[in-house]
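A.B. asks: One predicted model, sequence on top.
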Amino acid sequence: MKSWDNIAKIALSVNDGTKSALDLVNESLSRIEDAKEYNAIISITKERAIERAQLIDDGVKAGKNMGRLAGVPFIAKDNFLTFGSETTAASNILKGFNAPYQASAIEKLEAEGAICVAKANLDAFAHGASTENSDFMVTKNPHDKTRVPGGSSGGSASSVVLGLAPFSLGTDTGGSIRQPASFSGCVGLKPTYGLVSRSGVVAMASSLDCIGPMTKTVGEASLILDIMSGRDLLDSTTIEKDTLGYVSLDSDLKGKKIGLVKEYFDDSLNKDIKESIENLIIKLKAAGAEIVDISLPILPSALAVYYILCPAEVSSNLSRYDGQRFGYSFDKATDLKESYSESRARGFGKEAKRRIIIGTYVLSSGYYDAYYKKAQLVRTKIVKDFENAFKTVDFLLGPVAPTQAFKIGEKSNDPLAMYLSDVMTVAPNLAGIPSITIPIDMKNELPVAVQLMAAQKQDRSLLGAARKIEELS
Amino acid sequence: MVKISQEEILKLANLARLKLSKEELVEFSSELSTILDYVSHLDKIDVEGLEPTYQVTGLKNVTRDDVKMDYKVDKELLMSNLPESKDGQIKVMRMIG
């Protein structure tokens, strides 16, 4: 596992001419080549990355400032539309797809001089919690090759921990940034819903999907959020960024109240994780934070709500893959309906099909009220429970998942067991609140992390507190 | 326990324009029953007086000025993804018999 300088420092060195963007890109590409056995990367964007690096180096030579991320290589999860290589979402149905435009998040990073060097593996269409559902290959945990890196942003998490690039991008619909960050050992931020534009990101469940950075440190995640966040005309659900931005943070915890979520500390929680969190709590108290137990009785129902709403939205979003305009197309069909159903049958993997069927069921007439509408009503209860909790505490703290990284193959034949991996991460997506994974310990030679949550639009104070936790760990 | 028959799965697959193999029919019918069983405890939650949450931003009717925008879409790349095209247009099979 190799390291990089802090992202802000890299950009400074490129801007003052002491480092060249081209060297950085080549270093990243050579590390990617050396780490092939981890299956973290689907494709590299070598040609375009080198061109962009040369443009940045030329700009610096001409005396220009090339941005806050000048020459910084990064890796995007392969569900971000990017130029320079295919965008597949790790699915056979999108194999060979050349994005005709780039995601807004990518455009914003490029405008500050960042360079996308590669696309990371994921569970196909981000459906999964282990990256085993990729239609192409299984990504390995950077600490133990027999274990999963978590998912669905497993390739992005693994890449950052292996040092393939200074940062990566992930997407989080029910924990897909935070859980792999925890399993692999990096910082993973799911911002407030709407803070980062979803334009140009392969849609999974539109009312839940969030985009966020995966980095080695909290400060670096803050910088990337600061650049990617804000209103975007191409995504009407986006919100304004904090007027103070996310770079200068207040990490003083004196007088801050942190609630320990009672429902996340039940018997299902691994005792090593529990012990690490208990140690952190002692340090948090010493740092002046007030720690209180808090109960959100609705939380155990969040996963059930999620596994109704998510497939419902998935079945709707995946209807665009019909074999007519892009992606895999069955060319022996005798009529249009056969062209649709055969293209989809051959192009989609099993988990996508499973979610299409569940989603179609809960949205079909006769079951809509019993499942979909009921779930949206319970979702309101979840939103209100969080709102009430944040009236009494500043932050909520808990584990990210009940266990550390599990073995490859351990849960792959039991969809419900795999869904249960998300049990501690889905609620923030349903409520739209920000949540961040911070690694705090190593146990059994694997990372242990915590998840810190704040009220909607409190990303700035969340990052400040997260930086303190990072310092204390 | 909710039982979902293979016939029901077949009907759903047809609605979703998705052909399933015999094995997938068998598998999904048993899995869907398990998953629906898992989510069925939501029945017991009292939601009296609550409104459904379809989105969490609180935003309403987001509009923009009615002016031409440059979407920066690369037409050549867009066309390169078409399974079949003719004279710069998407070619599909006959829709009306």
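C.D. replies: The structure has been received and is ready for your questions. Numbers count the residues shown, from 1 in each chain, chains lettered A, B, ... in the order given.

A.B. asks: Please list all residues in contact with residue A:273.
C.D. replies: A:399, A:402, A:403, A:404, A:443, A:448 (Cβ atoms under 8 Å, 6 or more residues apart in numbering or on different chains). Backbone N, C-alpha and C define where each C-beta goes, glycine included.

A.B. asks: The helix or strand containing it - what's its average pLDDT?
C.D. replies: In this assignment (DSSP states H and E), residue A:273 forms part of helix A:271-286. Averaging pLDDT along helix A:271-286 yields 98.

A.B. asks: Give the buried residues for that helix.
C.D. replies: For helix A:271-286, burial by neighbour count (16 or more other Cβ atoms under 10 Å in any protein chain shown) applies to A:273, A:276, A:277, A:280, A:281, A:284.

A.B. asks: For the residue lying closest to the second one once chain neighbours are set aside, give its distance to residue A:277.
C.D. replies: In this case it means residue A:276. In this structure, residue A:276 finds its nearest non-sequential neighbour in residue A:441, 3.9 Å apart by Cβ to Cβ, 6 or more residues apart in numbering or on different chains. The span separating residue A:441 from residue A:277 equals 9 Å under the rule Cβ to Cβ, to the nearest Å.

A.B. asks: Spit out the residues that contact these two alike.
C.D. replies: Common neighbours of residue A:441 and residue A:277 (Cβ under 8 Å, 6+ apart) are residue A:448.

A.B. asks: Could you tell me the phi and psi values at the residue in the stretch 51-200 of chain A positioned nearest to chain B?
C.D. replies: Closest contact between the stretch 51-200 of chain A and chain B, by Cβ to the nearest Cβ, is at residue A:100 (3.8 Å). Per-residue torsions, residue A:100: phi -80, psi -10 (degrees, to the nearest 10).

A.B. asks: mind checking pLDDT for residue 37?
C.D. replies: No chain specified, so I'll use chain A. 98.

A.B. asks: switch to chain B, that's the one I care about
C.D. replies: For residue B:37, the predicted pLDDT is 91.

A.B. asks: Okay, now the unreliable bits of chain A?
C.D. replies: Scanning chain A for pLDDT under 70 picks out nothing.

A.B. asks: Sort out which residues of the biggest helix by length in chain A are buried, please.
C.D. replies: The longest helix of chain A (DSSP state H) is helix A:374-392. Buried positions in helix A:374-392, judged by neighbour count with 16+ other Cβ under 10 Å: A:374-383, A:385-386, A:389-390.

A.B. asks: for residue 85, what are its contacts?
C.D. replies: Reading this off chain A. Shown in contact with residue A:85 (Cβ under 8 Å, 6+ apart): A:43, A:44, A:45, A:48, A:118, A:119.

A.B. asks: actually chain B
C.D. replies: B:79, B:91 are the contacts of residue B:85 under Cβ under 8 Å, 6+ apart.

A.B. asks: phi, psi of it?
C.D. replies: phi -140, psi 160.

A.B. asks: Beta-bridge partners for residue A:449, please?
C.D. replies: Listed by DSSP bridges, the beta-bridge partners for residue A:449 are residue A:439.

A.B. asks: Please look at it and residue A:180 and confirm they touch.
C.D. replies: No - counting by Cβ atoms under 8 Å, residue A:449 stays clear of residue A:180, with 10.3 Å between them.
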